[in-house]
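Student: take this sequence and fold it.
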Amino acid sequence: MRIVALDTVVVGARMRNWVFVKVGTDEGLVGWGEATTEWKTRSVVGAVRDLGPLVLGQDPFRLEHLWQSMWRHQYWPPGVVVASAISGIDQALHDIKAQALGVPLYELLGGAVREHIRLYDHLGGGDPSDVYAVPEPRRFAEAALASVAEGYTAIKLLPVPPTDPLPGAAVLRNAVAVLESVREAVGDDVEIMIDLHGRTTADGAIAVARALAPLRPWFLEEPVQPDQAEALPRIAAAGVPLATGERLVGRAQFRRVLEQRAVAVIQPDVCHCGGVSEMKRIAALAETYDVAVAPHNPLGPIATAHNLHFAASTPNWLVQEQMRNAAPWWDEVVTAPMHFQNGEAPLPHGPGLGVAIDEAAAHGFPYEPEDQLAAAVLHDGSVTDW
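Tutor: Sure, this is the predicted structure:
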């Protein structure tokens, strides 16, 4: 068997474009991966094409060899664009091999270690029409109740808008009001995660953690930008478990974080970190530090499917992110709907990934520029982190 085709299918999905990677073989098998990268859509599509000479004509069963070739044969170390392209191709190659062997993809990853997969719902910033608005406690409480009604036992919030590096008293008071409102609405047994999105400095994250700690957040996500790993121990001392990793590429960047011994959870993204191959290695590295894995995933259905296979086969996996209110045409662009019930997913069915892109349907939702979220500014007009 040889790889004879490498292509992408881009689907507009409101606040991002889903970039699906299609790998075809001379025996008719087609594998699917996802390389969705916000505001880098056209760059990632180009990077997939650039990797063609390293992949076309090769044996798709040589997963490790092809990963090593894509990662190391380009001279420049992969950044997020190239790593995302590699990730999508690597996922698709796993799909092909599992299909050819007639087994679910998770069997290639060591087999099932659990019987079902717990999901959590990401509620975003509370107002999908204005991501910069001051978060409203009532809106969050309503969204949280809707998630719990669907069976979710864990939810994530963004209660701090793009803000000054050191959030002021008003921002902290509102964040507390949001979490109090949600906690009162859903009760004590629903886990609530707080996403800071790297919007604060270390001292700002400490202020947020201290303010929210009495309300028992499950973890505080991305408290600082990804290049500030050395600040993590100081933030962790504020008393809330930390999670990070959605913007890290490759196991070496995760090692730097893990060596700080300050995080409870790492969050690799299968679309960016190096694909299924590298995410399994990152998880094994985290296991040696007694750290759990909760993959980042506000992305499309193919990334979600790969994450479910990863979850099925990874012992130190904790919970899987799922953005329930993503683009409403989620099920329309795949060949079979993905079934989530009572905040859980069953083990994926094979052979292979168990789902593919319906290309005819996908073409009904074309690429759209993602400029509506790319310019976070403060009240004085200065640039801040989104």
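
Student: CA atoms for contacts and neighbours, from now on please.
Tutor: Noted.

Student: now the helices for the stretch 1-150 of the chain?
Tutor: 41-50, 52-55, 63-72, 80-101, 137-149 (DSSP state H, counting those that start in this stretch).

Student: to His339, which of those lies closest?
Tutor: helix 137-149 (15.5 Å; CA to CA).

Student: only C-alpha atoms, please: export the closest one in CSV.
Tutor: C-alpha atoms of helix 137-149 as CSV (Å, rounded to 0.1, in the frame of the first residue of the first chain):
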residue,chain,number,x,y,z
PRO,A,137,-23.2,36.1,36.0
ARG,A,138,-26.8,35.4,35.0
ARG,A,139,-25.8,34.5,31.4
PHE,A,140,-23.2,32.0,32.7
ALA,A,141,-25.6,30.5,35.2
GLU,A,142,-28.2,29.9,32.5
ALA,A,143,-25.6,28.3,30.2
ALA,A,144,-24.3,26.1,33.0
LEU,A,145,-27.8,24.9,33.8
ALA,A,146,-28.3,24.0,30.1
SER,A,147,-25.1,22.0,30.1
VAL,A,148,-26.1,20.2,33.3
ALA,A,149,-29.5,19.4,31.9
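
Student: counting contacts, what elements does that helix pack onto?
Tutor: strand 154-157, helix 169-186 (3 or more CA pairs under 8 Å, 6 or more residues apart in numbering; DSSP states H and E).

Student: rerun that using 7 Å as the cut-off
Tutor: Helices and strands touching helix 137-149, as assessed by 3 or more CA pairs under 7 Å, 6 or more residues apart in numbering; DSSP states H and E, comprise helix 169-186.

Student: got the buried residues for the helix it packs on?
Tutor: 171-172, 174-183, 185-186 (16 or more other CA atoms under 10 Å).

Student: repeat for stretch 42-52
Tutor: Buried-residue list, stretch 42-52, by 16+ other CA under 10 Å: 42, 44-45, 47-48, 51-52.

Student: same question, stretch 289-300
Tutor: For stretch 289-300, by 16+ other CA under 10 Å, it's 291-300.

Student: now swap in stretch 272-285 and tell me
Tutor: Buried-residue list, stretch 272-285, by 16+ other CA under 10 Å: 272-280, 282-285.

Student: could you measure from the closest residue to Pro77 other than its chain neighbours over to Val4?
Tutor: Spatial nearest neighbour of Pro77, chain neighbours left out: Trp71 (7.4 Å); criterion: CA to CA, 6 or more residues apart in numbering. Computed with CA to CA, to the nearest Å, the distance linking Trp71 and Val4 is 20 Å.

Student: go on, Thr304?
Tutor: Distance from Thr304 to Val4, by CA to CA: 26 Å.

Student: these two: which has the busier surroundings?
Tutor: Ranked by neighbour count (other CA atoms under 10 Å), Thr304 and Val4 place Thr304 first, with 23 against 18.

Student: pull the CA atoms of stretch 256-276 into PDB?
Tutor: Provided in PDB are the C-alpha atoms of stretch 256-276 (Å, rounded to 0.1, in the frame of the first residue of the first chain):
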ATOM      1  CA  ARG A 256       9.900  22.400  30.400                       C
ATOM      2  CA  VAL A 257       6.500  22.900  32.000                       C
ATOM      3  CA  LEU A 258       6.500  19.500  33.800                       C
ATOM      4  CA  GLU A 259       9.900  20.200  35.200                       C
ATOM      5  CA  GLN A 260       8.500  23.100  37.200                       C
ATOM      6  CA  ARG A 261       6.400  20.500  39.100                       C
ATOM      7  CA  ALA A 262       3.600  23.100  39.400                       C
ATOM      8  CA  VAL A 263       0.800  21.800  37.200                       C
ATOM      9  CA  ALA A 264      -1.900  19.200  38.000                       C
ATOM     10  CA  VAL A 265      -3.100  18.800  34.400                       C
ATOM     11  CA  ILE A 266      -1.500  19.200  30.900                       C
ATOM     12  CA  GLN A 267      -3.700  20.000  27.900                       C
ATOM     13  CA  PRO A 268      -2.000  19.000  24.600                       C
ATOM     14  CA  ASP A 269      -4.000  19.600  21.500                       C
ATOM     15  CA  VAL A 270      -4.000  16.800  19.000                       C
ATOM     16  CA  CYS A 271      -4.200  19.300  16.100                       C
ATOM     17  CA  HIS A 272      -1.100  21.200  17.200                       C
ATOM     18  CA  CYS A 273       1.200  19.200  19.500                       C
ATOM     19  CA  GLY A 274       2.400  16.700  16.800                       C
ATOM     20  CA  GLY A 275      -0.700  14.500  16.300                       C
ATOM     21  CA  VAL A 276      -1.700  11.200  17.900                       C
END
